[in-house]
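Participant: Below are the sequence and a predicted model for it; my questions follow.
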Amino acid sequence: MAEFVRVLDEAELPVGSNKAVEAFGRSILLCRTADGVYAIANECTHQKMALEGGRLRKHFIFCPAHGARFDLRNGCPSGDLTNKPIQCFGARISDGGIEITQAAER
């Protein structure tokens, strides 16, 4: 069973927003959509830019630097800028907090 770590209070991440946190020795981006909360590596595979602040649409995030699009559910990119997926982490909301684990839950 994967061990979850609390990284943020639920109230700090409203629907439609994203926020980077430090966990597991790296920057992890938490994204909250109407479908739930997702956790991905905070680094675009196109040019290694931070994804924090990127626009969210449904279950996709767009890199704020060049517009590369990634599926939050599995990390897969869309379009021509990159064919390398971003790493995904398991994420959940529990007892008013957002928890993540190193093992992908999707």
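Facilitator: Received, thanks. Residues are numbered from 1 along each chain as shown.

Participant: what sits opposite Asp71 in the beta ladder?
Facilitator: Phe60 (DSSP bridges).

Participant: If you could redo that for Ala91, that was the one I meant.
Facilitator: Ile100.

Participant: Contact partners for it?
Facilitator: Leu30, Gly36, Val37, Tyr38, Ala39, Ile98, Glu99, Ile100, Thr101, Glu105 (Cβ atoms under 8 Å, 6 or more residues apart in numbering). All C-beta spots, glycine's among them, are computed from the backbone N, C-alpha and C.

Participant: what about burial for the residues you listed, which qualify?
Facilitator: For the contacts of Ala91, a neighbour count by 16 or more other Cβ atoms under 10 Å gives the buried set as Leu30, Val37, Tyr38, Ala39, Ile98, Glu99, Ile100, Thr101.

Participant: Confirm that the second one sits in a strand.
Facilitator: Yes: inclusion of Val37 in a strand is indicated when DSSP: H, G, I helix; E, B strand; the rest coil is applied.

Participant: Just give the nearest non-adjacent residue to it, would you?
Facilitator: Ala91 (4.8 Å; Cβ to Cβ, 6 or more residues apart in numbering).

Participant: do the same with the third one
Facilitator: Counting by Cβ to Cβ, 6+ apart, the nearest residue to Tyr38 once its immediate chain neighbours are dropped is Leu72, at 4.0 Å.

Participant: from what I can see that neighbour touches Arg32, true?
Facilitator: No: checked against Cβ atoms under 8 Å, the pair Leu72 and Arg32 is beyond contact range at 9.9 Å.
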